[in-house]
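1. Generate coordinates for the sequence data below:
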Amino acid sequence: MSINLGAEISRRRREQKLTQEDLAELSDLSVNFISRLERTKDQNISIQKLDSIARALNTTTPDIVNNAYREKQVRNSEVVQDSTPVFIKKVANELRKLPKERAEKMCKAFIILLKEANE
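-> The predicted structure follows:
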């Protein structure tokens with residue numbers, strides 16, 4: 001499972017009101033490296049560099065990794081919770097094919113039917 005360490009590093013950096021330049025200076029890394037790490041999904045980072053960033057952010061490497069992993073789990077669970085059943089997607093797709101006025105009439109009729117079914 002890939003996690004986005006750069007997003008977690010960026011979040012922590014902004015929380016501490018540090019610029020990328022500040023973090024680069026504190027971690028003895030280049031601004032270009034910090035920028036690339038934060039903006040891309042390229043997670044090619046050595047443990048030494050990650051340790052240096054963690055120290056500069058007053059945290060630990062495991063803490064950064066764990067939070068990035070937790071964030072990935074939260075995003076994945078949101079996708080599952082927000083997924084629309086296939087039959088609803090099919091209905092919506094068919095409604096999109098209709099002229100706007102006709103689709104609106106169909107939706108109103110469908111809502112009436114649903115309300116009657118729930119009585």
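2. quick one: low-confidence ranges for the chain?
-> 1-2, 42, 71-87, 89 (pLDDT under 70).
3. per the record, what domains does it have?
-> 5-82, 86-117 (automatic domain parsing).
4. what's the most buried one of those domains?
-> Most buried of those, by mean neighbour count (mean count of other Cβ atoms under 10 Å): domain 5-82, with a mean of 15. Where you see a C-beta, it was placed from the backbone N, CA and C, and this is true even at glycine.
5. which residues are contacting stretch 98-107?
-> Residues outside stretch 98-107 that contact it (Cβ atoms under 8 Å, 6 or more residues apart in numbering) are L95, R96.
6. run the last query once more with 7 Å
-> L95 (Cβ atoms under 7 Å, 6 or more residues apart in numbering).
7. how far out from the middle of the chain is it?
-> Put simply, stretch 98-107 sits 34 Å off its chain's centre (Cα atoms, centre = their mean, to the nearest Å).
8. Dump it to PDB, restricted to CA.
-> The C-alpha coordinates for stretch 98-107 follow below in PDB (Å, rounded to 0.1, in the frame of the first residue of the first chain):
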ATOM      1  CA  LEU A  98     -33.100  13.300 -21.400                       C
ATOM      2  CA  PRO A  99     -33.800  16.900 -22.100                       C
ATOM      3  CA  LYS A 100     -33.700  18.900 -18.900                       C
ATOM      4  CA  GLU A 101     -37.400  19.600 -18.600                       C
ATOM      5  CA  ARG A 102     -38.300  15.900 -19.200                       C
ATOM      6  CA  ALA A 103     -35.600  14.700 -16.700                       C
ATOM      7  CA  GLU A 104     -37.100  17.100 -14.100                       C
ATOM      8  CA  LYS A 105     -40.600  15.700 -14.600                       C
ATOM      9  CA  MET A 106     -39.300  12.100 -14.400                       C
ATOM     10  CA  CYS A 107     -37.500  13.000 -11.100                       C
END
